[in-house]
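Participant: Task: produce atomic coordinates for the following.
(4 chains)
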2 protein chains.
Amino acid sequence: MSAGGGRVRIYDVAHLAGVSVATASKALNDTGRMTDETRAKVKAAATQLGFRPNAMARGLIQRRSFTIGLLTNDTYGRFTLPVMAGISEALVDQGVSVFLCGVDDDPALGKLHLDAMLDKQVDGIIASGKRVDRKLPVDLSNLPVPVVYAFTEGHEGSVTLVSDDAQGSTEAVEHLKRLGRKRIVHVTGPESFASVRERAAAYRAAVGGEGIVLHGEWSEHWGHAAVDLLWTAEGARPDAIFCGNDQIGRGVVDALRERGVGVPEDVAVVGFDNWDIVASQTRPPMTSVDMNLKAIGREAGRLVLELAEGRAVEPGIRKLPCSLVVRQSCGGSAAVTHRRGGVEATVE
Amino acid sequence: MSAGGGRVRIYDVAHLAGVSVATASKALNDTGRMTDETRAKVKAAATQLGFRPNAMARGLIQRRSFTIGLLTNDTYGRFTLPVMAGISEALVDQGVSVFLCGVDDDPALGKLHLDAMLDKQVDGIIASGKRVDRKLPVDLSNLPVPVVYAFTEGHEGSVTLVSDDAQGSTEAVEHLKRLGRKRIVHVTGPESFASVRERAAAYRAAVGGEGIVLHGEWSEHWGHAAVDLLWTAEGARPDAIFCGNDQIGRGVVDALRERGVGVPEDVAVVGFDNWDIVASQTRPPMTSVDMNLKAIGREAGRLVLELAEGRAVEPGIRKLPCSLVVRQSCGGSAAVTHRRGGVEATVE
DNA sequence: TCCTCCCGAGAAACCGTTTTCTCAATGCAG
DNA sequence: CTGCATTGAGAAAACGGTTTCTCGGGAGGA
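Facilitator: Prediction:
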C-alpha cells in the first residue's frame, strides 16, 4: 500500500492486529492453530500495511531461496532466450525468480557465476547451451543443489531435456510427401553435430531410401552453394529441399529465386528452428520446424522445482516433440503435379 | 574443497581456527582488529574447508542482497541480451547476480515479477526495453530501491541510458561522404519512433541539406520497396543508401543486386544496429552502426551499484556513443568516382 | 610502581522470519 | 468436582552471518 514496500515487517503487522509475531506468521502462512477470526484479523492488517515478507529472512530458516539459476554459454541467446521464457513462465507463479548467467565458454567465468549462485542458495540450476552435444565449461555434477539440463549435454545420471530432432525431421519430410513431393533432398550442417546426424537419419528413414544429404556450414552461403551444386549436377532435380536450419533455408530460397526456380511451384523448402526473423522474412515466408524451446524451458522449470522440493525425478534424456510451422514455401495443401521419375543419388 | 559446498558454516571455520565466530567473521572480511597471524590462521581454515558465506544470512543483516533485477519487455532479446551481457560483466566481479524478468507488455506480469524481486530485496533494478521512447508496463517510480533505465523511457528525474542515435547517424553519413558519395538517401522506419526522427535529423544535418528520407516499416520488404521507388523515380539516382536498421538494409542490398546495381561499386549501403546475423549475412556483408548496447549495460550496472551503495548519481539522460562497424558494402577507403551532379529532392 | 591507553579477541545483540515449545484456559468425561 | 485432553496463542530458539560492546592484559609514561 504505502510507497516503501520493503520497510514494513511482520512485527508491524502483529502489532496492528494485536497479536504476537508468532501468531502473525502462522496466520499469514495458513499454518498453526488459531481462531478464524484471529487469522482474518492478521490478514487484514497485512493487507492494510501492504506487508510483503522479507525473502532473505524467510529463506534463511526455510533453507529455500525461491530462486534458481540459468547457466548458459549461448551468448547470442538464440536458444537460451526461449528456454528462459519457458522457465520463467513455469516458475513465476510459485514466486521463483531466475538468475541468468552467460558464461561464454570460459571456465573461470563459469565458476565465478556458479559460486555466486551457490552462495545465494539457489534452489536449483538449469544448464542450457547452444548445442545439444556439448557440455558447458563448468562441472555441475556433485553440486549441493539439483541440476536440470536443457538443450545441452548433461552428466552421467542427470535429467536432460532436448527436442526430438528425429520426430521434427520426420514431420517435415512427411509434410512434403503429403504435398506430393517425390525428390526430397536434405541440405544441412556439419556432420559433427549430433542433431545433424539425427535429423539426417530420420530424413533417410522418411524418404524410404538413401536420399540425398548435403553437409556444409550453418550459413546462408552454404544454402546458395548447395543449390548451385544440385542444379549443375546431372540427373533429376529435387522438387523439395529440407534444410538443416533456417539460415541454410534462406540461402536456398534466395538461390532458387535467383535461378528463376519457383518456390513453392517448382521446389518446396522447409527450414529448421523456426527462427522467426529468418523464416518469416524469406520470400516466400518459409515453413519451418519449431523445436518448442519454450516448452522445454517450462518442463525444465517444473522438473528442477520438483527436485528442489525433494520429490524424485527419473533421470535420463527426455525428448520433447517439435512441431511444423507452415508458411508459404511448400505450397498449399493441393497436391503438386510431379514430373520426372525419381533418381536418388547419394552425395554425402 | 569438499563436494557439498553449501554446508560448511563460519562456525566450523572458527572452530578449526580455534577462534570465536566473531573473530572469524572479522578476519574473513578484513575488518576489526587482530594479529596478522590470527587473520591468516582463519583464512587458512576457511580455504581448507572451502567455506563460502551464506549470502542470505549476510544479506539479512547488511540489508544487501548482492542481487539486481533486469526488467524488460523485449522478449525477443534483440536489445536486452547485449545489455544484460554488459550488466553482468560489470557486476559479476562484485559478486552481484542478475534476475532477468521478461514481462512482455503485460502489467500484471510486470507487477508479479517486480514484487518477487522486491521480496528478494534486490539492491536495484535496471529497466530495459525494445524501444527508447516507450515505457515498461509497470511503474517503477517510488520504489524502495534505485532504478536505472537502459534503452527504455524512464520516469521524471530518473537516470536513463541510451545510445547516441544522432552521433551514430552522423558517423555513418560522414563515412559515406569520406568515400566520395554525393547523393546519400536515408531509408528508415516509421516516423513515430523517436530514434527514427533523431537519426533522420542528424542525417539531414550531415548531408548539409534536406536530403531524401523515406519512411516505411522495419522490414526487408520495405527495403525492397524503397529501392523500387528510388529507381523508378525520375532524376539522379543515389550512390549511397543509409538505412534505419539492418533488416531494411538487407532488403535494400538484395533489391539492388536483383536490379543489377553493384554494391558497393554503384551504391554504398550502411545499416543500423549491427545485428550480426543480418549484417554479416548480406552479400556483400554490410557496414552498420553499432549502438554499443553492451557498453550501455556495463554503465547501467555500474550506476545502479553506485546508487545501491548510497552514492549520488546525477539524474538525466546519458547518451553513449555508437560506433561504425565497417564491412564491405561501402567499398574500400579509395574514393569512388562520382558521375552526375546532385539533385536533392525531398520525398518525405 | 602505578595509572592510562590501546590492542586483540570474545560475548552478545541483531537482521526478519519460521517453528518448536510452553502454557493458560476451556471443555468434557468420569 | 476433579482430572485430562484439547485448543488458541505467545515466548523463545533457531537460521548464519555481522557488528557493537565489553574486557583482560600488555605497553608506555610519569
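Participant: How many neighbouring residues does residue A:134 have?
Facilitator: 14 (other Cβ atoms under 10 Å in any protein chain shown). In this view, the C-beta of every residue, glycine as well, is placed from N, C-alpha and C.
Participant: for residue A:197, same thing?
Facilitator: If you count neighbours by other Cβ under 10 Å, residue A:197 ends up with 17.
Participant: before we move on, which element is residue A:69 in?
Facilitator: strand A:67-72 (DSSP states H and E).
Participant: what's the helix or strand for the residue nearest to residue A:255 when sequence neighbours are not counted?
Facilitator: Distances taken as Cβ to Cβ, 6 or more residues apart in numbering or on different chains place residue A:227 nearest to residue A:255, at 3.7 Å, with adjacent residues excluded. Element membership of residue A:227 [criterion: DSSP H and E] is helix A:220-232.
Participant: Which of the residues in that helix are classified as buried?
Facilitator: A:220, A:221, A:222, A:223, A:224, A:225, A:226, A:227, A:230 (16 or more other Cβ atoms under 10 Å in any protein chain shown).
Participant: Repeat that for stretch A:46-55.
Facilitator: A:46, A:49, A:51, A:53, A:54, A:55.
Participant: how about that stretch, does it reach DNA strand D?
Facilitator: No - Stretch A:46-55 lies apart from DNA strand D when judged by Cβ under 7 Å from any atom of the strand; the minimum separation is 10.8 Å.
Participant: Endpoint to endpoint, that stretch covers what distance?
Facilitator: 16 Å (Cα to Cα, to the nearest Å).
Participant: Now the two most distant members of the buried residues of stretch A:46-55.
Facilitator: A:49 and A:55 (17.3 Å; Cβ to Cβ).
Participant: Of the buried residues of helix A:220-232, which are in range of DNA strand D?
Facilitator: Applying Cβ under 7 Å from any atom of the strand, the subset of the buried residues of helix A:220-232 adjacent to DNA strand D is empty.
Participant: Can you tell me which of those is nearest DNA strand C?
Facilitator: residue A:220 (54.8 Å; Cβ to the nearest atom of the strand).
Participant: wait, the closest one sits on residue A:246?
Facilitator: No - applying Cβ atoms under 8 Å, one finds residue A:220 not in contact with residue A:246, separated by 9.5 Å.
Participant: Apart from its neighbours in sequence, what residue is nearest residue A:165?
Facilitator: residue A:198 (4.4 Å).
Participant: for the one you found, what are its contacts?
Facilitator: A:165, A:166, A:169 (Cβ atoms under 8 Å, 6 or more residues apart in numbering or on different chains).
Participant: Kindly report the residues of the stretch 151-300 of chain A close to DNA strand D.
Facilitator: Counting by Cβ under 7 Å from any atom of the strand, the stretch 151-300 of chain A has no residue next to DNA strand D.
Participant: where exactly do the strands run in the stretch 151-300 of chain A?
Facilitator: Using DSSP state E, counting those that start in this stretch, the strands of the stretch 151-300 of chain A run over A:159-163, A:184-188, A:212-215, A:240-243, A:268-272, A:287-290.
Participant: possible to save those strands as TSV with distance to DNA strand C, mean neighbour count and mean pLDDT?
Facilitator: Formatted as TSV, those follow (distance: least, Cβ to the nearest atom of the strand, whole Å; neighbours: other Cβ atoms under 10 Å in any protein chain shown; pLDDT from 0 to 100):
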stretch	distance to DNA strand C	mean neighbour count	mean pLDDT
strand A:159-163	26	23	97
strand A:184-188	53	27	98
strand A:212-215	56	22	97
strand A:240-243	53	30	98
strand A:268-272	47	28	98
strand A:287-290	41	27	98
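Participant: Tabulate the buried residues of stretch A:46-55 (CSV), appending secondary structure and pLDDT.
Facilitator: Below are these laid out as CSV (DSSP: H, G, I helix; E, B strand; the rest coil; pLDDT from 0 to 100):
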residue, secondary structure, pLDDT
A:46, helix, 96
A:49, helix, 95
A:51, coil, 95
A:53, coil, 95
A:54, coil, 96
A:55, helix, 96
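Participant: Between these, which sits nearest DNA strand D?
Facilitator: Among the buried residues of stretch A:46-55, and counting by Cβ to the nearest atom of the strand, the member closest to DNA strand D is residue A:54, at 10.8 Å.
Participant: What backbone torsions are found at the closest one?
Facilitator: phi -70, psi 110 (degrees, to the nearest 10).
Participant: which outside residues touch the lowest-mean-pLDDT helix or strand in chain A?
Facilitator: Here the helix or strand of chain A ranked lowest by mean pLDDT, DSSP states H and E is helix A:276-279, holding a mean of 91. Identification of contacts with helix A:276-279 by Cβ under 8 Å, 6+ apart yields A:246-247, A:249-250, A:271, A:273, A:285-288, A:325, A:327, B:76, B:247, B:277-278.
Participant: list the buried ones in the strand or helix carrying residue A:86?
Facilitator: In the assignment (DSSP H and E), residue A:86 maps to helix A:80-91. Applying a neighbour-count criterion of 16+ other Cβ under 10 Å, one finds A:80, A:81, A:82, A:83, A:84, A:85, A:86, A:87, A:88, A:89, A:90, A:91 buried in helix A:80-91.
Participant: so does it get close to chain B?
Facilitator: Yes - using Cβ under 8 Å from any Cβ of the partner chain, we find that helix A:80-91 touches chain B at A:81, A:84, A:85, A:88.
Participant: that older thread, didn't the residue nearest to residue A:255 look like it was pressed against residue A:253?
Facilitator: No - counting by Cβ under 8 Å, residue A:227 stays clear of residue A:253, with 9.1 Å between them.
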